[in-house]
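Peer 1: sharing a sequence plus its predicted fold:
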Amino acid sequence: MWLTYVAGQAIAAAQGAPVSIAVVGDLMLNGLAPKPHVFRSLRMDIGMPDVTFGNLETLPTSAGRPTTAKSARDVAAKRQYVLRASPGWVPVLAAAGFDVLSLANNHAMDYGAEGLLDTVSAVQRAGMRPVGAGSSSTEASRPVVVDASGVRVAFLAFLAFRGEGALAACGPASPTRAGVNVLHGGASGVTERVRAVLRTAISDARRMANIVLVSYHWGLERHRTPTEYQVALARATIDAGADGVIGHHPHVLQPYAIYRGKPILYSLGNFTAPNHAGPLGDTMVFEMRYRGGTWTSLRITPARIRGGFPIKLIGTDAQAELARMGAATRDLRRRIGRGE
């Protein structure tokens, strides 16, 4: 049985067959050797969700050359990182049950278009669905739709750093160039242009799906509290019609929120990582259950990264982490308001 934290009361009572969607944090695979059953114990603990989503932060490819968009000086000073992982990780992730992997992150173009497209192809051949990057801006911005017991779930993924300079180094896709799906908010943050992009993208996805989830790569690394920009963008996304927001990039857990009855997961932290000291090793599986047109519950399984991989917490360790997450979430609610 899970040791779980239910987010307050069940969000709503509903009829019909339930659908479960599990989301996890950054898959930092650089420096980690592929192991066929590395996720087995955690999967046995949490069961088999209908859909599992994560952020593929390090591309498993041997193709391409290191990007020149990240300067050698910045890389040497560890202000920037150029990362990739063994291609052997692709079948391991597929066997672990991942269905959709976001590539809308600041490492997707670390080995150029060749490395990105090699990864896209490998992920697809393994039966998984990449989202948020591709051979053109049309492909990178296209929603991925998966069927779960007759309920269609659409995922959109954006790289949503606030500064255009930071975005430029990450390889934005164009109509004729491979790259990642960038949300151009700039220093002004959530502009009317951003809101219009969200309304169009979410509306298009809604025509294909019952549930629309939007994933963002955003925020500040190692900050355990979401920025004002994250809060504003998340709420704008729900206002534009999304059913939930999934956040990555800070590499540490941030609190979640419920806004207008929809979940906002500001940062899921790392899920695998070679460097997992302190808060970098705190992780979780966040499961959202949907039935009859609405969310019915949100459940957390806390875990700790050990030796690079997540191990479920039990007993007092689990209870302490759930209490910490609950306190952080209540504190965020006091500061920004419930929004319901």
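Peer 2: All right, it came through fine. Residues are numbered from 1 along each chain as shown.
Peer 1: and the residue nearest to residue 51 when sequence neighbours are not counted, what are its bridge partners?
Peer 2: Spatial nearest neighbour of residue 51, chain neighbours left out: residue 21 (4.6 Å); criterion: Cβ to Cβ, 6 or more residues apart in numbering. Quick note: C-beta positions are derived from backbone N, CA and C, even for glycine. The partner list for residue 21 in beta bridges (DSSP bridges) reads residue 51, residue 288.
Peer 1: please apply the same query to residue 60.
Peer 2: Residues in beta-bridge contact with residue 60 (DSSP bridges): residue 85.
Peer 1: using CSV, write down the CA coordinates of stretch 168-175.
Peer 2: Listed next in CSV are the C-alpha coordinates belonging to stretch 168-175 (Å, rounded to 0.1, in the frame of the first residue of the first chain):
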residue,chain,number,x,y,z
ALA,A,168,18.5,31.7,-27.3
ALA,A,169,21.2,29.4,-26.0
CYS,A,170,18.8,26.5,-25.7
GLY,A,171,18.0,26.1,-29.4
PRO,A,172,14.5,27.3,-30.1
ALA,A,173,12.8,25.6,-33.0
SER,A,174,11.8,27.6,-36.1
PRO,A,175,9.7,26.7,-39.2
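Peer 1: hmm, back to that, so the residue nearest to residue 51 sits against residue 287, correct?
Peer 2: Yes: at 7.0 Å, residue 21 counts as touching residue 287 under the criterion of Cβ atoms under 8 Å.
Peer 1: which neighbours do these two share?
Peer 2: By Cβ atoms under 8 Å, 6 or more residues apart in numbering, residue 21 and residue 287 have these common neighbours: residue 49.
Peer 1: which one's more surrounded, these two?
Peer 2: The neighbour count for residue 21 versus residue 287, taken as other Cβ atoms under 10 Å, is higher for residue 21 (27 against 20).
Peer 1: now for the more buried one: which residues touch it?
Peer 2: If you count contacts by Cβ under 8 Å, 6+ apart, residue 21 has them with 49-53, 148, 153, 211, 213, 287-290.
Peer 1: now, which of those sits nearest residue 110?
Peer 2: residue 53 (21.6 Å; Cβ to Cβ).
Peer 1: list the contacts of that closest one.
Peer 2: Remark: with contacts taken as Cβ under 8 Å, 6+ apart, residue 53 is in contact with 21-24, 98-102, 155, 213, 215, 246.
Peer 1: now do the SS call for the residue nearest to residue 110 when sequence neighbours are not counted.
Peer 2: Counting by Cβ to Cβ, 6+ apart, residue 82 is the residue found nearest to residue 110 once chain neighbours are left out, at 4.7 Å. Under DSSP: H, G, I helix; E, B strand; the rest coil, residue 82 falls in the coil class.
Peer 1: which residues sit in contact with residue 82?
Peer 2: Applying Cβ under 8 Å, 6+ apart, we find residue 82 in contact with 66, 67, 70, 75, 107, 110, 111.
Peer 1: just the pLDDT for it.
Peer 2: We have a pLDDT of 95 for residue 82.
Peer 1: how close does it sit to residue 215?
Peer 2: 23 Å (Cβ to Cβ, to the nearest Å).
Peer 1: now residue 329
Peer 2: Residue 329 is 20 Å from residue 215, by Cβ to Cβ.
Peer 1: which of those two has more neighbours?
Peer 2: residue 215 (29 against 19).
Peer 1: ok, what's across the strand from that one?
Peer 2: residue 157, residue 246.
Peer 1: pretty sure it contacts residue 242?
Peer 2: No: under the criterion of Cβ under 8 Å, residue 215 is not in contact with residue 242, lying 10.2 Å apart.
Peer 1: name the residues contacting each of the two.
Peer 2: Joint contacts of residue 215 and residue 242 (Cβ under 8 Å, 6+ apart) are residue 156.
Peer 1: can you show me the strands along the stretch 1-150 of the chain?
Peer 2: Residue ranges of the strands in the stretch 1-150 of the chain, as given by DSSP state E, counting those that start in this stretch, are 5-6, 19-27, 51-55, 100-102, 129-131, 133-134, 144-148.
Peer 1: ranking those by burial, who's on top?
Peer 2: Ranked by mean neighbour count, these are led by strand 100-102 with a mean of 28 (mean count of other Cβ atoms under 10 Å).
Peer 1: that strand packs against which elements?
Peer 2: strand 51-55, strand 129-131, strand 151-159 (3 or more Cβ pairs under 8 Å, 6 or more residues apart in numbering; DSSP states H and E).
Peer 1: parallel or antiparallel, which strands does that strand pair with?
Peer 2: strand 51-55 (parallel), strand 129-131 (parallel).
Peer 1: the ones you listed: which one's closest to residue 312?
Peer 2: strand 51-55 (15.5 Å).
Peer 1: list the contacts of the closest residue to residue 148 other than its chain neighbours.
Peer 2: Nearest residue to residue 148, sequence neighbours excluded (Cβ to Cβ, 6+ apart): residue 50, at 3.8 Å. Shown in contact with residue 50 (Cβ under 8 Å, 6+ apart): 19, 20, 21, 148, 149, 151.
Peer 1: and the fifth one, what is it in contact with?
Peer 2: Looking back up the chat, that one is residue 149. Neighbour list for residue 149: 17, 19, 50 [criterion: Cβ under 8 Å, 6+ apart].
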